[in-house]
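J.: need a 3D model of the sequence below.
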Amino acid sequence: MNADVETTHGTLRGAAREGHLAFRGVPFAQSPDGERRFLAPQPVEPWTGVRDALEPGASAPQDRLVPQSFRANGPESEDCLFLNVYTPATDGGRRPVLFWIHGGGFSHGSGTQRHYDGGPLAERGDVVVVTINYRVGALGYLYLGGHGGDRWGAAANAGQLDQIAALQWVHDNIAVFGGDPDNVTIFGQSAGGAAVSTLLAMPGARGLFAKAIAQSGTANRLGGRDEATTTATAYLERLGLTDNPDAVRTASVDAMLEAQGARGALRPLVDGDTLPDQPLDAVRDGFVSDVPLMVGTARDEQKLYVAPDRAPIDDSELERQVRAYLPRRAADQAAAVIEVYRKSRNDRGLPATNHDIVDAVATASRFRMPGLRLAETQREHQPKTFVYQFDWESPARRGALGACHGLEIPFVFGSIGRTGDDRMSGSGPEADQLSGQMMDAWIAFARTGDPAHDGIGAWPAYDRDDRQTMVFGRESGVQAAPFEEERGVWESMITSPTS
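T.: The predicted model follows:
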């Protein structure tokens with residue numbers, strides 16, 4: 001049985017599932033192709049009659065170098081600005097809204113990947129879940145202002161502007177889906193977490209969300225226009241358009257995706273307009289002082305990115321690799337960092353080979369320390385600031401992945417045992433229990449700004465004194481300053497006058 005709703009642009013027909021309704025493939029902006037390529041998203045044209053919202057819309061064109069297992073499923077097209085709504089009922093209720101921004105390195109992914117189905121979360125929490133697509137790769141993050149693109153309206157941060165357009169659509173329409181437009185929580189993982197952090201500092205997003213969750217991704221150090229122009233120059237050279245950059249508007253999608261092999265960093269940038277300041281600086285200045293924030297990372301993020309058959313490395317190579325992840329001013333402290341990490345891992349019974357030490361340092365450099373810095377900065381203004389660490393270990397590769405990057409997603413969405421593929425997450429009663437604990441925490445935070453609930457007990461706010469952190473694992477609970485000696489060595493590198 002289907003269900004119809006009347007949006008600001010026309011009538012949508014969704015599918016009635018057991019326990020909730022699903023509206024998929026909903027357009028929130030016009031197709032950004034043809035003359036609209038690289039431009040800011042434009043409002044949807046109204047339609048007459050009933051438009052089916054029964055199947056997902058196309059995903060944004062995906063980076064060709066990304067393995068198929070990480071790419072979005074199904075059709076790809078520049079006509080990709082669609083979202084999906086999962087709701088318990090279209091009854092006029094004012095339910096909290098959870099607005100998901102997918103990850104994928106700003107080069108791949110979509111809001112309809114199998115673990116992102118919002119139905120289980122909507123049912124469990126009596127909340128509305130929205131998942132979105134946005135432009136990725138060059139189509140979403142190529143900066144052309146240094147090559148004359150601003151003459152014809154090219155927008156910096158087009159992918160971020162897509163997210164804001166989707167948030168505006170939610171603000172204007174979510175009430176007819178049973179959601180509360182004044183209680184929207186943005187959440188995302190990896191590049192999605194970085195997108196969340198970026199939205200914190202974008203004036204165009206102000207007032208469109210009330211709370212934020214950044215999972216394994218921040219935007220503490222974004223490049224500016226000069227760096228982005230250099231990246232665009234290399235990209236145009238690869239396309240053969242150095243002498244005619246305007247022709248990028250009509251280049252084939254295949255050619256553009258092929259050129260991303262030399263893309264450099266295609267990601268949000270501080271352009272002075274859509275994003276006036278570094279997100280961390282905006283947070284420090286109190287720009288989102290009214291926004292409760294939850295930040296978290298997995299214990300072993302880096303292990304997702306390493307080959308399963310690495311040859312052993314000796315101590316000199318260990319020191320060389322660790323040095324690459326440290327602040328340049330502190331490169332001479334690599335040996336001391338290794339000593340701290342080896343003792344920390346041995347004391348906890350965790351793997352402590354040379355490769356394991358590199359992975360742990362990389363995890364801290366890329367994910368944990370930026371996440372803690374974001375939380376510490378927001379905590380100066382917002383008492384409802386919370387930190388978590390995800391410790392559940394994947395059974396894949398005979399446990400070699402540990403608690404790796406992205407592993408928490410099926411637990412948050414309640415997709416354990418629902419996708420036919422639990423090789424990464426594992427399954428069984430303990431996995432189900434952890435999933436319930438995490439779903440209820442995300443739901444509670446979306447409802448009240450406090451993620452505590454009976455299943456995990458009290459979850460105190462994070463601060464620099466106690467550093468109370470919810471550790472999710474086989475036994476979840478709050479720990480004061482977990483892995484503090486590791487965090488402390490980074491703090492000393494950052495604050496030491498000799499570093």
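J.: show me what the helix ranked longest in the chain is packed against.
T.: If you go by DSSP state H, the chain has its longest helix at helix 429-448. The helices and strands touching helix 429-448, judged by 3 or more C-beta pairs under 8 Å, 6 or more residues apart in numbering; DSSP states H and E, are strand 95-101, helix 119-125, strand 179-189, strand 211-215, helix 409-413, strand 468-472. Every C-beta, even on glycine, is put in place using the N, C-alpha and C of the backbone.
J.: any idea of the mean pLDDT in it?
T.: Average pLDDT, helix 429-448: 98.
J.: in that helix, what counts as buried?
T.: Residues of helix 429-448 classed as buried: 431, 434-447 (neighbour count, 16 or more other C-beta atoms under 10 Å).
J.: residue 276 is nearest to which of the helices and strands packed on helix 429-448?
T.: Ranking these by distance to residue 276, with C-beta to C-beta as the measure, places strand 211-215 first at 18.3 Å.
J.: next, count neighbours for residue 316.
T.: 8 (other C-beta atoms under 10 Å).
J.: again with residue 210
T.: For residue 210, using other C-beta under 10 Å, the count is 19.
J.: run through the residues that contact it.
T.: 182, 183, 184, 185, 291, 292 (C-beta atoms under 8 Å, 6 or more residues apart in numbering).
J.: quick check, nearest of these to residue 97?
T.: Distances from residue 97 to the contacts of residue 210, taken by C-beta to C-beta, are shortest for residue 184, at 4.5 Å.
J.: separation between the closest one and residue 172?
T.: Using C-beta to C-beta, to the nearest Å, residue 184 is found at 12 Å from residue 172.
J.: so residue 446 touches residue 99, yeah?
T.: No: using C-beta atoms under 8 Å, residue 446 is not in contact with residue 99, being 9.5 Å away.
J.: common neighbours of these two, please.
T.: What both residue 446 and residue 99 touch, as defined by C-beta under 8 Å, 6+ apart, is the set residue 185.
J.: which of the contacts of residue 210 are buried?
T.: Judged by 16+ other C-beta under 10 Å, buried ones among the contacts of residue 210: 183, 184, 185, 291, 292.
J.: flag the shaky bits of the stretch 251-400 of the chain, pLDDT-wise.
T.: Where the stretch 251-400 of the chain drops to pLDDT under 70, the residues are 261-264.
J.: quick revisit: list just the nearest of the buried ones among the contacts of residue 210 to residue 203.
T.: Nearest member of those to residue 203, counting by C-beta to C-beta, is residue 291, at 13.9 Å.
J.: helix/strand/coil for the closest one?
T.: Following DSSP: H, G, I helix; E, B strand; the rest coil, we place residue 291 in the coil state.
J.: what about it, distance to residue 91?
T.: Following C-beta to C-beta, the distance that separates residue 291 from residue 91 is 28 Å.
J.: swap in residue 367?
T.: For residue 367 relative to residue 91 (C-beta to C-beta), the value is 40 Å.
J.: ok, these two, which is more surrounded?
T.: residue 367 (22 against 9).
J.: so which of the helices and strands packed on helix 429-448 comes closest to residue 8?
T.: Smallest distance to residue 8 across those (C-beta to C-beta): 12.0 Å, for strand 179-189.
J.: now that closest one: mean pLDDT?
T.: On average, strand 179-189 scores 98.
J.: sheet partners, orientation included, of that strand?
T.: Using DSSP bridges, strand 179-189 pairs in its sheet with strand 95-101 (parallel), strand 211-215 (parallel).
J.: sorry, back to before: what lies in contact with the longest helix of the chain?
T.: For helix 429-448, contacts defined as C-beta under 8 Å, 6+ apart pick out 96-98, 120-121, 124-125, 127, 183, 185, 187, 211, 213, 292, 294, 386, 388, 392, 408, 410-414, 416-417, 422, 425, 450-453, 455-456, 459, 470, 472-474, 476.
J.: one step back: closest one to residue 155 among the helices and strands packed on helix 429-448?
T.: Smallest distance to residue 155 across the helices and strands packed on helix 429-448 (C-beta to C-beta): 18.1 Å, for strand 95-101.
J.: report the distance from stretch 147-156 to the chain centre.
T.: 27 Å (C-alpha atoms, centre = their mean, to the nearest Å).
J.: list the residues that contact residue 25.
T.: By C-beta under 8 Å, 6+ apart, residue 25 lies in contact with 52, 53, 54, 55, 56, 57, 82, 84.
J.: ok, the nearest residue to the first one once chain neighbours are set aside - contacts?
T.: In this structure, residue 52 finds its nearest non-sequential neighbour in residue 13, 5.2 Å apart by C-beta to C-beta, 6 or more residues apart in numbering. When the contact criterion is C-beta under 8 Å, 6+ apart, the partners of residue 13 are 2, 3, 4, 50, 51, 52, 53, 54.
J.: does the last one touch residue 1 like I think?
T.: Going back to what we said before, that points to residue 54. No: judged on C-beta under 8 Å, residue 54 makes no contact with residue 1 at a distance of 12.0 Å.
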